[in-house]
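Any chance you can model this:
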Amino acid sequence: MSARLILFAFLFASAANAADSPIDRWATAVGGREKVAAVKAVYREATIDVAGYQGSIKAWHTPEGKYRKEEQIGIFSTIETFDGTNGSLQRASAPPQKMSAARATPFANWNSVFFAFFPERRHGSLVIEDDGTIVLEPEGGIHWRITLDPETSLPKMMIHKEGDHTITVTYVSYETIEGLKFEKEIHRSTGDPRYDSVIRFTKTVINPSLDASLFSIEQKVTSPPSVP
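Take a look at the predicted model:
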């Protein structure tokens with residue numbers, strides 16, 4: 001074989017391997033980049049079981065990372081928001097607090113497709129390790145480590161650190177909504193079995209109408225007592 005043919009074969013093999021990267025296989029398995037690119041917003045509802053309690057989750061997400069999550073478990077409730085610049089966390093009726101990891105949090109679970117599939121939009125880095133693990137690092141300081149299922153090419157596991165704890169999310173099942181694969185059930189482990197949780201999604205709406213005010217928490221103003 002001539003040197004020219006060897007070079008051509010090498011370049012062809014390199015291009016074929018690049019076109020068959022884990023990201024490409026993942027994008028195809030989800031439903032294709034074109035379908036994902038048409039998603040302007042997602043609204044999801046889920047049930048959550050943790051520590052013997054049952055609760056509910058409502059979440060709104062946009063591709064650029066704006067989001068709102070409302071979670072209610074027993075008597076405990078939280079609201080998280082990120083408007084593209086500022087993130088807030090509110091527990092019950094307490095005043096909202098600044099949330100430092102807000103820029104990375106929006107790309108957890110299914111929403112990681114918005115970060116992984118479109119490098120031209122990405123603010124942060126993506127690395128594929130030798131074993132195929134996909135490491136996402138959006139601005140905000142959280143490293144998401146994603147393992148794809150070798151049979152389906154859909155995420156099988158997503159891991160990140162929260163302080164001293166390793167959080168492992170296992171994708172148990174998927175469902176198809178308007179031609180896109182979404183996780184149907186996930187299990188979340190904190191390393192302490194007492195706080196492991198099971199999340200089951202019950203409703204998914206693609207491209208709902210959203211108001212910008214949804215992505216911030218309005219500070220409640222208490223009126224001063226009247227002076228007699």
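
Quick check, central residue of this protein?
Centroid check for the chain by C-alpha atoms, centre = their mean gives Ala108 as the closest residue, at 2.1 Å.

any idea how far it lies from Met157?
Separation of Ala108 from Met157 (C-beta to C-beta, to the nearest Å) stands at 13 Å. For every residue, glycine as well, the C-beta is placed using N, CA and C.

so what sits against both of the two?
Common contact partners of Ala108 and Met157 (C-beta atoms under 8 Å, 6 or more residues apart in numbering): Val169.

Helices of the chain, residue ranges please.
With DSSP state H, the ranges of helices along the chain come out as 3-19, 22-30, 33-37, 112-116.

mind listing what's buried in stretch 32-46?
36, 39, 41-44, 46 (16 or more other C-beta atoms under 10 Å).

which one of the residues you listed is nearest Leu126?
Among those, Val36 lies closest to Leu126 (C-beta to C-beta), at 15.4 Å.

Report the separation between that closest one and Ser77.
The value you get for Val36 to Ser77, if C-beta to C-beta is used, is 31 Å.

which residues does Lys58 bridge with?
Beta-bridge pairing of Lys58 under DSSP bridges involves Glu45, Glu70.

count of residues packed around it?
Lys58 has 15 neighbouring residues, counting by other C-beta atoms under 10 Å.

for the one 4 residues further on, same thing?
Other residues within reach of Thr62, judged by other C-beta under 10 Å, total 20.

what's in contact with the longest strand along the chain?
As assigned by DSSP state E, the longest strand anywhere in the chain is strand 165-177. By C-beta under 8 Å, 6+ apart, the residues outside strand 165-177 that reach it are 31, 108-109, 149, 152, 154-161, 181-192, 201, 204, 206.

Which members of those are positioned in strands?
Per DSSP E, the subset of those in strands is 155-161, 181-189, 201, 204, 206.

Could you give me the ChimeraX selection string for whichever of the residues you listed are buried?
Buried residues within the ones in strands among the contacts of strand 165-177, by 16+ other C-beta under 10 Å, are selected in ChimeraX with:
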select :155,156,157,158,159,160,181,182,183,184,185,186,188,189,201,204,206
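
CSV for the buried residues of stretch 32-46, including distance to Ser93?
Output for the buried residues of stretch 32-46, formatted as CSV (distance: C-beta to C-beta, whole Å):
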residue, distance to Ser93
Val36, 37
Val39, 34
Ala41, 28
Val42, 28
Tyr43, 24
Arg44, 25
Ala46, 23
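
now for those, which pair is the farthest apart?
By the measure C-beta to C-beta, the buried residues of stretch 32-46 have their two most distant members at Val36 and Ala46, which lie 20.4 Å apart.

Now Tyr174: closest residue in space that isn't a chain neighbour?
Nearest non-adjacent residue to Tyr174, counting by C-beta to C-beta, 6 or more residues apart in numbering: Lys181, 4.9 Å away.

Enumerate every residue touching that neighbour.
29-31, 154, 174-175 are the contacts of Lys181 under C-beta under 8 Å, 6+ apart.

What is the burial count for Ser56?
14.

Mind pulling up the pLDDT for it?
Ser56 carries a pLDDT value of 98.

mind listing what Gly132 touches?
So Gly132 contacts 22, 147-148 (C-beta under 8 Å, 6+ apart).
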